[in-house]
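**Q** I need the structure of the sequence given here:
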Amino acid sequence: MFDSLELSTSTDILLPVNDSETVLGGGTHWAQLHIKLDNKTATLFNSAYGSREVVTSAQDVLDRVKLLLNINGMVLTEAKDFPQQENGFDCGLYTMMAADAIINKKPFYHPKTLRQEVS
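**A** Presented below is the predicted three-dimensional model:
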């Protein structure tokens, strides 16, 4: 089913994670999960650091990826130096910013900077 994704030959997997308790949808917060297969690390980039619900969801997603790819010993950590949102609605913007920074190997920036540049 997942053969077309070529996960077994990938070094990085990026997955946006929602804090919904079901697969049916809902939830109120998004964060970016970065799985590095080459060194077996999993980091959650969460703009509301310590939000337990999204950490639990990320752990569930990671457990499924580990099972799918037959990986042992990978532990989820939450990035402590990731920019934090100042309101209750910018988490999606931070999630996309994290993916962009990881893919393009550039430093994280505060989305407020992006908003000022666009304005």
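**Q** which one's the longest helix in this structure?
**A** helix 52-69 (DSSP state H).
**Q** got the buried residues for it?
**A** 54, 55, 57, 58, 59, 61, 62, 65, 66 (16 or more other Cβ atoms under 10 Å). Just so you know, the C-beta spots here come from the backbone N, C-alpha and C atoms, and that holds for glycine as well.
**Q** Check stretch 20-31 too.
**A** Buried, per 16+ other Cβ under 10 Å, within stretch 20-31: 20, 29, 30, 31.
**Q** Among those residues, name the ones in strands.
**A** 30, 31 (DSSP state E).
**Q** Please compute how far the longest helix of the chain lies from its chain's middle.
**A** In this view, helix 52-69 has its centroid 11 Å away from the chain centroid, taken as Cα atoms, centre = their mean, to the nearest Å.
**Q** what's the residue closest to the geometric middle of this structure?
**A** Centroid check for the chain by Cα atoms, centre = their mean gives residue 32 as the closest residue, at 1.6 Å.
**Q** just checking, that residue touches residue 16?
**A** Yes - counting by Cβ atoms under 8 Å, residue 32 does reach residue 16; the two are 6.0 Å apart.
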